[in-house]
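J.: got a predicted model here, sequence first, then my questions.
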Amino acid sequence: SQTIHQWPATLVQPVGSPLSLECTVEGTSNPNLYWYRQAAGRGLQLLFYSVGIGQISSEVPQNLSASRPQDRQFILSSKKLLLSDSGFYLCAWSVRPNTEAFFGQGTRLTVV
Amino acid sequence: SQKIEQNSEALNIQEGKTATLTCNYTNYSPAYLQWYRQDPGRGPVFLLLIRENEKEKRKERLKVTFDTTLKQSLFHITASQPADSATYLCALVKIGGGSQGNLIFGKGTKLSVKP
């Protein structure tokens, strides 16, 4: 069966520090991969999506970047965190864009 | 611009009643609409998918309708239980404008079922 792993679960980082969040999927090949952010009291905002290795598309301009070095690995990064980067980050995968998405457990990031 | 609106931020109902949640969209012509459940501090969990040519879909105590003329989906939970308390999200696939088939979510409706 397919599983998705996302870590760490919680993270407290100072302003200006770098960020690296990792997500891996098991049990499937060539998944569509997504990074979402959920700010307090707000909906899920799509940040990045990837349809294949090295193929990254950004939905909104921001202080973050994403990479897909392997088929089932998706990484969210920042060189210098801002206070506004705080939020709940979720990785997800799907077989195709119009099929159900499967989410990881999320990372609660607090930038202080 | 394309919008997905879940017009109730919160819904409180009594156990045993039917909960009805609404999802409206504008400037979309979706072929699919999805509903998810999200518990606090957790990722969303897929519940149901309904296609544009399906008027209604059921899964146990859940029922979803999809009216492409009204641009609206209704999500029903019958015989609601306190364990149904969660935030429910609707989602559409966004096509065009550089986004090829990405899942876009509404802000969700927080359902509280009181015993």
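T.: Done, it's in.

J.: what's the burial count for the one residue in chain A that gets nearest to chain B?
T.: Minimum separation of chain A from chain B (Cβ to the nearest Cβ) falls at residue A:97, amounting to 2.7 Å. In this view, the C-beta of every residue, glycine as well, is placed from N, C-alpha and C. Residues near residue A:97, counting by other Cβ atoms under 10 Å in any protein chain shown, number 19.

J.: helix or strand with the lowest mean pLDDT in chain B?
T.: Ranked by mean pLDDT, DSSP states H and E, the weakest helix or strand in chain B is strand B:99-105, scoring a mean of 72.

J.: mind listing what's buried along stretch B:54-64?
T.: Using 16 or more other Cβ atoms under 10 Å in any protein chain shown as the test for burial, stretch B:54-64 gives B:57, B:62, B:63, B:64.

J.: now for those, which pair is the farthest apart?
T.: Taking Cβ to Cβ as the measure, the buried residues of stretch B:54-64 span a maximum distance of 8.5 Å, between B:57 and B:62.

J.: among the buried residues of stretch B:54-64, which are in strands?
T.: Counting by DSSP state E, the part of those found in strands is B:57, B:62, B:63, B:64.

J.: what helix or strand is the most centrally placed residue in chain B on?
T.: Centroid-nearest residue in chain B, with Cα atoms, centre = their mean: residue B:90, separated by 3.4 Å. Assessed by DSSP states H and E, residue B:90 sits inside strand B:86-96.
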